[in-house]
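> please find the sequence and the predicted model below.
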Amino acid sequence: MTIFPTVTVAGAINQALRSAMEAHPKMLLMGEDIGRLGGVFRVTDQLQRDFGEDRVLDTPLAESGIVGTAIGLALRGYRPVVEIQFDGFVFPAFDQIVTQLAKLHARSMGKIRLPIVIRIPYGGGIGAVEHHSESPEAYFAHTAGLKVVTPANAADAYWMLRQAIDCDDPVVFLEPKRRYHEKTRLDTGVAPGPLHRARVVRPGGDVTLACYGPMVQTCLDVAEAAAAEHRSVEVVDLRSLSPLDLDTLVESMNRTGRMVIAHEAPVYFGPGAEIAARVTERCFYRVEAPVLRVGGYHTPYPPSRLENDYLPGFNRVLDAVDRVLAY
Amino acid sequence: MTIFPTVTVAGAINQALRSAMEAHPKMLLMGEDIGRLGGVFRVTDQLQRDFGEDRVLDTPLAESGIVGTAIGLALRGYRPVVEIQFDGFVFPAFDQIVTQLAKLHARSMGKIRLPIVIRIPYGGGIGAVEHHSESPEAYFAHTAGLKVVTPANAADAYWMLRQAIDCDDPVVFLEPKRRYHEKTRLDTGVAPGPLHRARVVRPGGDVTLACYGPMVQTCLDVAEAAAAEHRSVEVVDLRSLSPLDLDTLVESMNRTGRMVIAHEAPVYFGPGAEIAARVTERCFYRVEAPVLRVGGYHTPYPPSRLENDYLPGFNRVLDAVDRVLAY
Amino acid sequence: MNVARPVQLLTPEGVRCEHPDYDISIEPAALRGLYRDMVRTRRMDAEGTTLQRQGELGLWPSSLGQEAAQVGSARALGDDDHVFPSFRDHGVVLCRDVDPAALFALFRGVNNGGWDPEKQKFHLYTLVIGSQTLHATGYAMGIAKDGAGAAVVAYFGDGATSQGDVNEAFNFAAVYSAPVVFFCQNNQWAISVPSERQSRAPLYQRAAGFGFPGVRVDGNDVLACLAVTRAALERARSGQGPTLVEAFTYRLGAHTTSDDPRRYRDEAEVAAWAARDPILRLRTYLLASGGADESFLAEVDAESEAFARRLRAEIRNMPAPDRTAIFDYAYAEGHTQVAEERAEFLARQSLSTDLEDLPAGEAR
Amino acid sequence: MNVARPVQLLTPEGVRCEHPDYDISIEPAALRGLYRDMVRTRRMDAEGTTLQRQGELGLWPSSLGQEAAQVGSARALGDDDHVFPSFRDHGVVLCRDVDPAALFALFRGVNNGGWDPEKQKFHLYTLVIGSQTLHATGYAMGIAKDGAGAAVVAYFGDGATSQGDVNEAFNFAAVYSAPVVFFCQNNQWAISVPSERQSRAPLYQRAAGFGFPGVRVDGNDVLACLAVTRAALERARSGQGPTLVEAFTYRLGAHTTSDDPRRYRDEAEVAAWAARDPILRLRTYLLASGGADESFLAEVDAESEAFARRLRAEIRNMPAPDRTAIFDYAYAEGHTQVAEERAEFLARQSLSTDLEDLPAGEAR
Ligand SMILES: Cc1ncc(C[n+]2csc(CCOP(=O)(O)OP(=O)(O)O)c2C)c(N)n1
Ligand SMILES: Cc1ncc(C[n+]2csc(CCOP(=O)(O)OP(=O)(O)O)c2C)c(N)n1
Ligand SMILES: [Mg+2]
Ligand SMILES: [Mg+2]
């Protein structure tokens, strides 16, 4: 049996970018400080050195400009992978993303394809200053024309990014920055499955705990703790928010009858609402409790000394598991 | 008994702006073409003539600039009411709205107040070209720090706008443009209730039909038609999306046990999801059917000759009412 | 402020004049071609307004008065050059041989852009003011990477220059020395806002602050527009980077068919500009220089009339769009939830029309 | 390209020189004040870096090398003038008498801005690059409406000039003749991107394209920064509109404590700029001109040291923020769902610490 090497999430993304650059001669990397510096998280380390300034572009400091010119490059046949330096800085590009990137395929009745990936390190928990800890995924998932995915571990980071780059639709690729340094084994030979498929990462029978990105490890910890109290928690890593793999969730819910959804994004009008509404509808005669949501509050992300209170941590998730089981 | 005059929704907004300008000497109007022209919908007709160019500003064509300078003016003690010409053109201002306008009160720990209203004519059904028919409310409702309201008739348009202008929080005020020319009686003497309160606009006992803005009249028509088939539909006009008046919905749901939510915004990660999730949780032992949602599809808004197929019209809403009753 | 005189090669009276930096030598046949293009553009534009009045189109933005700017610049384009239009560039549509019916289909609400942008080398109309300037710049960056000797023209209006995107495009184009020509039709109005309220400096001067040249050209002089754009394109193709061309012209009509310009501007101003008609100017010169005679003019008129007639018939008989188009183009590679919505849509109504009649709004 | 020499009133060698357009007559006491401000700024900045290394702060962006630009411009401000800073303007913080502990609280993660912007006439730091330039412009428009003879200074960096917002601010300011001074500290780096890659033209030239003057000043010359900003503020207050001041300086330190500039720039370049130290320059002049003696310098050093010591103690003992602050400032007039969340928060944990240990990231 081959033992595959372990890599970090950040390292896996770097590897994915490197191998995709080799596979796609028209692929480009664009972003602020991604070249010489290798990105503020070093995710693009050495890529400019190895692929040149013509393919790895340190852009001017203007997110709308980055996404807008990436669209133009894609129209010319290029395949740009754009880095937004932090979650909170994607908003200057929001207009280009929502009114142009997401709509051009439909606007042209299918004649235009925009195979653009927008990589965004997202989420909190790194003790950062304002705008560096946000979870904007609901804005993108609500936007027709975009696909939205997020890996939770290094192997998924590698493969999902490769698949996102291969995809002819624009993909918002959300990277759980507080997990950048966590490691898993990576087999670069075989993809672990399709891009938009959810995955049961821990089977269980009493309650389904749906999550994605940075929350997956937290939820696995919760499941472990709950097991000690003889509660069997099934953890589902959604991996894709748009489209959603409802079938996997429904199958799980039909077994457990109970579901908790955990994410860092604010609960209010947030991702969990869509999942709760759909799962409740699909499993109506099977639900034994309302689908409970745990997530950020409807408040601006707080200063970092308060983020552990704001973020849905171990305790709040476990608490929701207890509550849903109490129905 | 006084008979109050009838006014159109657009006329009521004009009156509200006029009387608020008289009440608040520091109030300003800002936007593209709102002065000489009186706005592309004539909503600000004559206001520049009567209040001068110093208080009614025809701005340069730059939405981020408009909202950004409005923030500065508010910091200086002014009370700007900003017009975005069409729903689809709010996105260039999205960064200023989400990272600045929504957060400055929190950022300053309450020292800054930004009493800014952003008026946006929204929704479809007017046979317009692209970007002129969108319903972006979910983006704003998901954004902590903003309030989001939308009137469905002229009396509410008048009063809710007056209340929004009086409010010290930033308010996104969504105007149902396809209802601009519909009339109701308007009593400018007495406010019909608080800004963020939902209203039962037609009582009923079999099913609750929740809606807002342009869909309220559609839902009233559905209720009327359903009555002919001896189905008693209660129509609730939400009026406010952030905050939500859950109590009114829960009270209704506890009576009917069934709910349909209708809005023009895309269903996917849309407003109905939040309402469905909350109502289901609050009324869990009372729900007799899943909360059903009717709204736009997860596709870019189509060309106008297809918009009647895209928009949730009379038939689709009635259909959902039938379906929810069939559980 | 020091403002340069616009480049002119044909006076408003239709007399050829010289310019130290720009010259053009042009055959009578080519001159006649420009004239034909402009007349056709005007006729098509009039048809758009008429069809809107008759309810065949939802909206029409008139290009009246801007024919020289559009045709002059478009005829400077080489076969490999690419165009990123705004939403009023009907003259460029014609010059790029885009099917005019595809353009009318957009304003009829049949689609949001029916032609193939890559095949026509003419991107879709962009309604979010200024956005396309960044696409044009990116496309030009791609041309440079390809080492292709081609260039891009981005069209936009005076109002668009206030948008952040347009300024970001100027900067990206300068930084990457992208082969793009920014062609700004300063028609002096952005709906109701006159250009002197949109900006304090003459627009062509904006370019210098980003490190590339800007030039103001008489936008009602088709020869000057052709010469200046041609020079800018050559500069771009030879690796010297972007140029901003400000074509100083005038929007003679309403902003769109929904607009009533009497609310905000003087008839006298309009009349003064109507007297500087770009088509009249070329006609005078053509006749005076012997480049064409009255019979040619009549022939062009007849031909344009026939063209408009054919177009009108085609628009009137244009089939309704396929209703599943709503779902079919949302994603290139499909989307589970959209597929479900599509199936539900088909199942629910088996393609019967939704009964509700939505009121049609007038203003937009 | 024709680039103006930066305005200079003190040579790098510390010798007074003349400039035809700007002059300054300044008392020795005021000179000593500028010196004290700069030394204090540098000392405070060093303390920020130290405290970050010790884990007391999450992040610190160093102002090292930019003291003259910050102090010179800030000391030009009148009492009624208002400042909109970026995020590295620690020298301006000190000159505006903002409590330095409030600033450190931000980088400690205790709050996102603890001072009262209106009282201090100093807005909160803004981390979304360039956004504050629009706020500054709007504020200045308000001043003009009030008829108040005051002005606004907006601080931002060379990188910020690429943002759409900054260019929109330039345009709004010009169109409304707003009394705002755009003070750009061109420290030649935006993280790892050198300013010549950020823009093709010298930044001060950007202003002309929007219709207002731009001037480049030696950003390491505190007298020149003072004189040029003072003139720009006077121009603004007297209704002549905005000015762009480009202070040509250098970021001697890392971008922030998370950054490693050795990955992208030459030590030699840094060394060359270190030799042009703004504090050294003024010190040389002060001593040579008899404006101060060694004992004054020692006194300033001691005083700054004491200041840093007090500050350090204060930061170390700074109480943790109130946990309900998360909810208390989301809305001015309350929000039902937030109130519910707050109640649930209080009920659920009765203020016990969440057990989960989140890994602290290094890079940000
Ligand atoms: C981002 C955005 N904001 C507002 C509008 C509404 N709008 C359509 S055209 C127009 C004026 C455009 O003026 P200009 O750029 O001069 O072009 P012109 O109409 O004169 O051709 C406006 C404000 C829009 N389409 N996009
Ligand atoms: C909109 C936005 N994009 C990206 C960033 C990340 N970022 C922080 S500082 C910085 C560079 C700023 O450069 P400059 O404007 O020259 O200011 P300086 O750091 O030199 O003071 C970047 C890219 C940000 N804060 N905001
Ligand atoms: Mg115009
Ligand atoms: Mg800098």
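That came through, no problem. Ligands and ions are numbered 1, 2, ... in the order given.
> only C-alpha atoms for contact and neighbour calcs from this point on.
OK.
> which ones are touching the residue minimising distance to the centre of chain C?
By CA atoms, centre = their mean, the mean C-alpha position of chain C lies nearest to residue C:89, the distance being 1.7 Å. Applying CA atoms under 8 Å, 6 or more residues apart in numbering or on different chains, one finds that residue C:89 lies in contact with C:63, C:70, C:155.
> where's the first one relative to residue C:102, distance?
Which is residue C:63. 17 Å (CA to CA, to the nearest Å).
> mind listing the strands for chain C?
Secondary structure of chain C (DSSP state E): strands at C:82-84, C:152-157, C:180-186, C:189-190, C:193-194, C:214-218, C:243-248.
> picking that back up, and residue C:63 and residue C:102? which has more neighbours close in?
residue C:63 (27 against 19; other CA atoms under 10 Å in any protein chain shown).
> list the contacts of the more buried one.
C:42, C:45, C:88-91, C:251, C:253.
> just checking, what packs against the lowest-mean-pLDDT helix or strand in chain C?
For chain C, counting by mean pLDDT, DSSP states H and E, helix C:336-349 ranks last in confidence among helices and strands (a mean of 93). Contact partners of helix C:336-349 among helices and strands, from 3 or more CA pairs under 8 Å, 6 or more residues apart in numbering or on different chains; DSSP states H and E: helix C:325-328.
> do the helix it packs on and chain B meet?
Yes - under the criterion of CA under 8 Å from any CA of the partner chain, chain B is reached by helix C:325-328 at C:326-327.
> quick one: contacts of that helix?
A:109, B:299-302, B:306, B:310, C:338-339, C:341-342.
> format the residues you listed as TSV; extra columns: neighbour count and distance to residue B:220.
Converted to TSV, the contacts of helix C:325-328 look like this (neighbours: other CA atoms under 10 Å in any protein chain shown; distance: CA to CA, whole Å):
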residue	neighbour count	distance to residue B:220
A:109	21	36
B:299	25	27
B:300	28	27
B:301	29	24
B:302	28	26
B:306	21	24
B:310	27	20
C:338	21	29
C:339	14	30
C:341	17	25
C:342	19	27
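> which part of the stretch 101-250 of chain A gets nearest to chain D, residue-wise?
Closest approach between the stretch 101-250 of chain A and chain D, counting by CA to the nearest CA: residue A:126, at 4.5 Å.
> count of residues packed around the residue in the stretch 51-200 of chain A that ligand 4 sits nearest to?
Ranking the residues of the stretch 51-200 of chain A by distance to ligand 4 (CA to the ion) places residue A:61 first, at 10.5 Å. As a burial measure, residue A:61 scores 26 neighbours (other CA under 10 Å).
> pull the contacting residues for it.
Per CA under 8 Å, 6+ apart, neighbours of residue A:61: A:32, D:159-160, D:162-163, D:190, D:198.
> for it, which three-state class applies?
coil (DSSP: H, G, I helix; E, B strand; the rest coil).
> any idea how far residue A:30 is from it?
Counting by CA to CA, the gap from residue A:61 to residue A:30 is 11 Å.
> likewise for residue C:262?
Noted for residue C:262: a distance of 48 Å to residue A:30, by CA to CA.
> who has more neighbours out of the two?
residue A:30 (23 against 11).
> for the more buried one, which residues are in contact?
A:56-59, A:66, A:70, A:80-83.
> tell me if I am right that it is in a strand.
Yes - assignment of residue A:30 by three-state DSSP places it within a strand.
> and it, bridged to which residues?
residue A:57, residue A:82 (DSSP bridges).
> which helix or strand contains residue A:289?
Here residue A:289, judged by DSSP states H and E, is contained in no helix and no strand.
> wait, it touches residue A:324, no?
Yes - when contacts are counted by CA atoms under 8 Å, residue A:289 is listed as touching residue A:324 (6.1 Å).
> who touches both of these two?
A:258-259.
> so is the biggest strand by length in chain A next to chain B?
Ordering each strand of chain A by length in residues (DSSP E) puts strand A:259-266 first. Yes - Strand A:259-266 lies within reach of chain B by CA under 8 Å from any CA, at residue A:266.
> and if you look at stretch A:93-107?
Yes - contact of stretch A:93-107 with chain B (CA under 8 Å from any CA) involves A:94-95, A:98-99, A:102-103, A:106.
> spell out which residues of the stretch 101-250 of chain A are next to chain D.
So the stretch 101-250 of chain A meets chain D at A:125-132, A:178 (CA under 8 Å from any CA).
> most neighbours among these, which one?
residue A:127 (28 neighbours).
> pretty sure that residue contacts residue D:110?
No - the criterion here is CA under 8 Å, and residue A:127 misses it with residue D:110 at 10.7 Å.
> okay, and the common contacts of these two?
With CA under 8 Å, 6+ apart as the test, residue A:127 and residue D:110 both reach A:304-305.
> list the contacts for the closest residue to ligand 1 within chain A?
When scored by CA to the nearest ligand atom, chain A has residue A:95 as its residue closest to ligand 1, at 8.8 Å. For residue A:95, the contacting residues are A:64, B:91-92, B:94, by CA under 8 Å, 6+ apart.
> low-confidence ranges, chain A, go.
Low-confidence segments of chain A (pLDDT under 70): A:1.
> residue A:241 versus the residue nearest the centre of it, what's the distance?
Geometric centre of chain A, nearest residue: residue A:150, 1.9 Å, by CA atoms, centre = their mean. Applying CA to CA, the value for residue A:150 to residue A:241 is 8 Å.
> check what pLDDT residue C:362 gets.
pLDDT for residue C:362: 31.
> ok, back up a step: buried sites along the least confident helix or strand of chain C?
Of all the residues in helix C:336-349, those buried under the rule 16 or more other CA atoms under 10 Å in any protein chain shown are C:337-338, C:341-342, C:345.
> then stretch A:272-286?
Across stretch A:272-286, burial judged by 16+ other CA under 10 Å covers A:272-284, A:286.
> of the residues of the stretch 101-250 of chain A next to chain D, which are in range of ligand 1?
Among those, no residue lies close to ligand 1 (CA under 6 Å from any ligand atom).
> burial check on residue A:4, number of neighbours?
11.
> ok, now which ones touch it?
A:185-187 are the contacts of residue A:4 under CA under 8 Å, 6+ apart.
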